[in-house]
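Peer 1: Build me a model:
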Amino acid sequence: MDTVTQRLPLEVYQLVDKTIGEVEARHTLHLHDARSKDSREQIFNNSIKSQSGSQVLADLLWTLYSKLSAVLSGHRIVHDCVLAIVKDSRQGNDLKDMPEFNYIEVWKPIQSEV
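Peer 2: Below is the predicted model of the structure:
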């Protein structure tokens, strides 16, 4: 449990960094295509550029939310399993030293990164 808690900030950082790269790669092609059009269309598309920026931000936030939600769900499963093991060990007295999993310790690195 200590290893999971220690590695979490780095892994959340890497997840956010990778997600930013993915969204940037998806939208770089769209922005590049918009720049390659002639100037008359560029004038017409100036109003669309602000929508394009908001689309990139919406895509980033939605993708990031989905991935972080999956991380929290996975850690919730770990939390439930550790809780069940601890409850069983207290009844059987064979795993007295099993550390409890603190779900708040999962949320802190995610909150910090966001």
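
Peer 1: Now for the chain, the helix or strand with the poorest mean pLDDT.
Peer 2: None of the helices or strands of the chain scores lower by mean pLDDT, DSSP states H and E than helix 39-92, at a mean of 76.

Peer 1: Next, the angle helix 39-92 makes with the next helix or strand after that helix.
Peer 2: Sequence order places helix 104-113 as the next helix or strand after helix 39-92, per DSSP states H and E. In terms of direction (axes from the mean of the first three to the mean of the last three Cα atoms, to 10 degrees), helix 104-113 departs from helix 39-92 by 160 degrees.

Peer 1: can you list contacts of helix 104-113?
Peer 2: Residues outside helix 104-113 that contact it (Cβ atoms under 8 Å, 6 or more residues apart in numbering): 5, 8-9, 12-13, 16, 68, 71-72, 75, 79. Bear in mind the C-beta positions are built from the backbone N, C-alpha and C, glycine included.

Peer 1: got the contact list for the residue nearest the centre of the chain?
Peer 2: Residue closest to the average C-alpha location in the chain (Cα atoms, centre = their mean): residue 68, at 3.2 Å. When contacts are counted by Cβ under 8 Å, 6+ apart, residue 68 touches 12, 15, 110, 114.
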